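**Student:** What follows is a predicted structure for the sequence shown.
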Amino acid sequence: MTPVEEFDFVIVGAGSAGCVLADRLSADGRNRVLVLEYGGSDSSVFIQMPSAFSIPMNMPKYDWGYWTEPEPGLGGRRIHQARGKVLGGSSSVNGMVYVRGHPGDFAEWEQLGATGWGYRHVLPYFKRAESCVYGEDPYRGGAGPLGTCNGNGMKNPLYRAFIDAGQAAGYPLTDDYNGLHQEGFGRMDMTVRDGVRCSAANAYLKPAMRRPNLAVETHALTTRVLFDGRRATGVEYRKGGKSVSVRATREVILSAGAFGTPQILMLSGVGPAAHLKDLGIAVQHELPGVGENLQDHLEVWIQQTCTQPISLAGKLNPISKALIGLRWLLFKDGLGATNHFESCGFIKSRSDAAYPDIQYHFLPAAMRYDGKASAAGHGFQVHVGHNKPNSRGRLRLRSTDAADKPSLLFNYLTDADDRAGFRAAVRLTRAIFAQPPFDPYRGAEIAPGPDIRSDSDVDDWVAATAETAYHPCGTCKMGSDPMSVVNPEGRVHGIIGLRVVDASVMPTVTNGNLNAPTIMIGEKISDAILGLDPLPLSNAPFDGAGASA
């Protein structure tokens, strides 16, 4: 590559949305597309084997290694924020859980100014992206690039016990939480195809890389967007100790994620003027919302001992792990071919909630995200969190060096309703675990533990133990108010030829994991970039809030 090379589109970031754009924008064979990615190859077996996801998530080679500032609502703890630094971005290191969100989430987006992002608008793009192992229906896609399934089909009886316990506690069952009814208990789907992680790189980018009009540059750290007046004309990046400039004759598209995209905008002089001036950055265009509106999901792990030797604890020894890995290498099946989150639940934290705001990931083991057991012997747990937080944070630059990670402050649990949501989550989970379907398996409570009973006890325990669910978003929100950063087609306000397409454009965090809606955002805005008509609105019925969207 040379400093004068030109492309029609330059995409910064090969993550969940960037990979979609690389495929869709290069599909006609005419558009010249360049993707810049700071990470490298995703060929590691630890990335491709679904059950090994905790390994790359904790490896500096594949993780940007962000940390928050001391969080006042978490007792001053700093929280690790893993973000994928590899082809596929966070879709190559995440837990692969496939959740689109509730229809009410997208009604909320429209109410906040993201016109054209209601559920009937976005469902066709979710479908276009997906190839569900159960086949196509009014909600699920059957021929898209992104493969989804239920892993090993809930063979472990603890998965079914969790679903049955939810029903015994008075909650509905749902055949498909991504379909007509999110609320209830049922199977959980994952982005796995034929036993292999179906990252955005595997689904979109790698097939597209066969095209001569698509170039992918790895180990390229984007330092700033280049401008001619108010028009974005290209980007500057560093690779191998050299600074390289590349031109975009049509558009520059930032898909560097909820942390990387606002950082690049600020380094380029687009953002809150006072902050930029404090760092000596010339203000190209003032947009006070860049870096604001930072949101995330927190979760806690509620754990029980298991009285029967059927949990994953028996598979954590080196010999068992080796056998699981060998079977996966040979046949792409077995315990290596699942993320182990095969059943789930979505419930309301209070009876007057518009729609479910508590999410469960059930795991037939009591273990941490690093893959180590939390207690001796067998156990099971749920990852549970309050999914519609009111707390908002911000991102700021530390310096003018693109390699210097930004300052992150989420203000987790600083809102009283957020704390109440977690108290409800703990109370309701204990009631579910106490139901008869768990009688054959339930031992003593590991966490929070029998001494954690009062509201203040629960508040203190949550503040001391809660971790991120790795769902940051919102730092370049869509809308038309003074704090919005992009319009509903992803165009940066006041700038020509510059778009943002990633989770940073979400006005509010959705009720679930973010990989699926981020891929949908890439699908939907790719049509806008290409000047195509939006897909026809869905007429599939759906329940609850947002039914008129």
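**Tutor:** Great, that's in hand.
**Student:** Count residues in the vicinity of Lys277, would you?
**Tutor:** 11 (other C-beta atoms under 10 Å). The way it works is simple: take the backbone N, C-alpha and C, and place the C-beta from them, glycine included.
**Student:** Sorry, slip of the keys, the one I care about is Leu329.
**Tutor:** The number of residues near Leu329, taken as other C-beta under 10 Å, comes to 12.
**Student:** go on, the one 10 residues further on?
**Tutor:** Neighbouring residues of Asn339 were enumerated by other C-beta under 10 Å; the total is 22.
**Student:** Can you verify my assumption that it contacts Ser51?
**Tutor:** Yes - in this structure, Asn339 is within contact of Ser51 by C-beta atoms under 8 Å, at 6.7 Å.
**Student:** who's in contact with the helix or strand that contains Ala464?
**Tutor:** Using DSSP states H and E, Ala464 sits within helix 455-465. Outside helix 455-465, the residues that touch it by C-beta atoms under 8 Å, 6 or more residues apart in numbering are 73-75, 77, 298, 300-301, 413, 419, 422-423, 426-427, 447-448, 451-452.
**Student:** cutoff 7 Å now
**Tutor:** Gly73, Leu74, Gly75, Val300, Leu413, Arg419, Phe422, Arg423, Val426, Pro448, Ile452 (C-beta atoms under 7 Å, 6 or more residues apart in numbering).
**Student:** Save those as JSON lines, and put in pLDDT and neighbour count too.
**Tutor:** Below are these laid out as JSON lines (pLDDT from 0 to 100; neighbours: other C-beta atoms under 10 Å):
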{"residue": "Gly73", "pLDDT": "98", "neighbour count": "20"}
{"residue": "Leu74", "pLDDT": "98", "neighbour count": "22"}
{"residue": "Gly75", "pLDDT": "98", "neighbour count": "12"}
{"residue": "Val300", "pLDDT": "98", "neighbour count": "24"}
{"residue": "Leu413", "pLDDT": "98", "neighbour count": "25"}
{"residue": "Arg419", "pLDDT": "98", "neighbour count": "20"}
{"residue": "Phe422", "pLDDT": "98", "neighbour count": "25"}
{"residue": "Arg423", "pLDDT": "98", "neighbour count": "18"}
{"residue": "Val426", "pLDDT": "98", "neighbour count": "21"}
{"residue": "Pro448", "pLDDT": "98", "neighbour count": "22"}
{"residue": "Ile452", "pLDDT": "98", "neighbour count": "18"}
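**Student:** among those, which are in helices?
**Tutor:** Counting by DSSP state H, the contacts of helix 455-465 place Arg419, Phe422, Arg423, Val426 in helices.
**Student:** what residue ranges in the stretch 51-200 of the chain score low on pLDDT?
**Tutor:** Applying pLDDT under 70 to the stretch 51-200 of the chain picks out no residues at all.
**Student:** That one: helices as residue ranges?
**Tutor:** With DSSP state H, counting those that start in this stretch as the criterion, the stretch 51-200 of the chain has helices at 54-57, 103-111, 119-129, 157-168, 200.
**Student:** Look at Ile302 and give its secondary structure.
**Tutor:** strand (DSSP: H, G, I helix; E, B strand; the rest coil).
**Student:** what's the closest non-adjacent residue to it?
**Tutor:** Thr429 (4.8 Å; C-beta to C-beta, 6 or more residues apart in numbering).
**Student:** so the one you found is in which element?
**Tutor:** Using DSSP H and E, Thr429 falls in helix 416-433.
**Student:** in that helix, what counts as buried?
**Tutor:** For helix 416-433, the buried set under the neighbour-count rule, 16 or more other C-beta atoms under 10 Å, comprises Asp418, Arg419, Gly421, Phe422, Arg423, Ala424, Ala425, Val426, Leu428, Thr429, Ile432, Phe433.
**Student:** list the helices and strands the longest strand seen in the chain packs on?
**Tutor:** Counting by DSSP state E, the longest strand found in the chain is strand 242-254. In terms of contacts (3 or more C-beta pairs under 7 Å, 6 or more residues apart in numbering; DSSP states H and E), strand 242-254 is packed against strand 6-12, strand 231-239, helix 257-267, strand 498-500.
**Student:** residues making contact with the last one?
**Tutor:** Contact partners of strand 498-500, identified using C-beta under 7 Å, 6+ apart, comprise 225, 232, 251-254, 261, 476, 485-486, 490-492, 525, 529.
**Student:** And for stretch 118-134?
**Tutor:** In contact with stretch 118-134 (C-beta under 7 Å, 6+ apart) are residues 100, 103, 106-107, 110, 139-149, 516, 519-520, 523-524, 534-538, 540, 542, 546, 549.
**Student:** can you tell me which of those residues are in strands?
**Tutor:** Leu146, Gly147, Thr148.
**Student:** Now the most centrally placed residue in the chain: closest residue in space that isn't a chain neighbour?
**Tutor:** Nearest to the mean C-alpha position of the chain, counting by C-alpha atoms, centre = their mean, stands Leu514 at 3.1 Å. Excluding the flanking residues, the one nearest Leu514 by C-beta to C-beta, 6+ apart is His471, at 4.6 Å.
**Student:** residue contacts, that neighbour?
**Tutor:** Under the criterion of C-beta under 7 Å, 6+ apart, the neighbours of His471 are Asp296, His297, Val509, Asn513, Leu514.
**Student:** Please report how far the last one lies from Arg120.
**Tutor:** Using C-beta to C-beta, to the nearest Å, one gets 21 Å for the distance from Leu514 to Arg120.
**Student:** can you check Pro272 too?
**Tutor:** From Pro272 to Arg120 the distance is 35 Å (C-beta to C-beta).
**Student:** Glu445 too?
**Tutor:** For Glu445, the distance to Arg120 equals 43 Å [C-beta to C-beta].
**Student:** next one: Gly494
**Tutor:** Taking C-beta to C-beta, one finds Gly494 at 30 Å from Arg120.
**Student:** In terms of neighbours, single out the busier of the two.
**Tutor:** Per other C-beta under 10 Å, whichever of Gly494 and Arg120 has more neighbours is Arg120, with 20 against 13.
**Student:** quick one: low-confidence ranges for this structure?
**Tutor:** Within the chain, the ranges that satisfy pLDDT under 70 run 1-4, 369-374, 544-549.
**Student:** mind listing what Asp296 touches?
**Tutor:** Phe410, Thr468, His471, Pro472, Val509.
**Student:** returning to that earlier point: mind putting the contacts of His471 in CSV, distance to Met367 included?
**Tutor:** Listed next are the contacts of His471 as CSV, based on distance: C-beta to C-beta, whole Å:
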residue, distance to Met367
Asp296, 22
His297, 20
Val509, 26
Asn513, 19
Leu514, 23
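**Student:** CSV for these, including distance to Arg211 and secondary structure?
**Tutor:** Output for the contacts of His471, formatted as CSV (distance: C-beta to C-beta, whole Å; DSSP: H, G, I helix; E, B strand; the rest coil):
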residue, distance to Arg211, secondary structure
Asp296, 36, coil
His297, 36, coil
Val509, 34, coil
Asn513, 30, coil
Leu514, 28, coil
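**Student:** For Leu335, state which of the residues you listed is nearest.
**Tutor:** Distances from Leu335 to these, taken as C-beta to C-beta, are shortest for Asn513 (21.4 Å).
**Student:** count of residues packed around the closest one?
**Tutor:** Neighbours of Asn513 under the rule other C-beta under 10 Å: 27.
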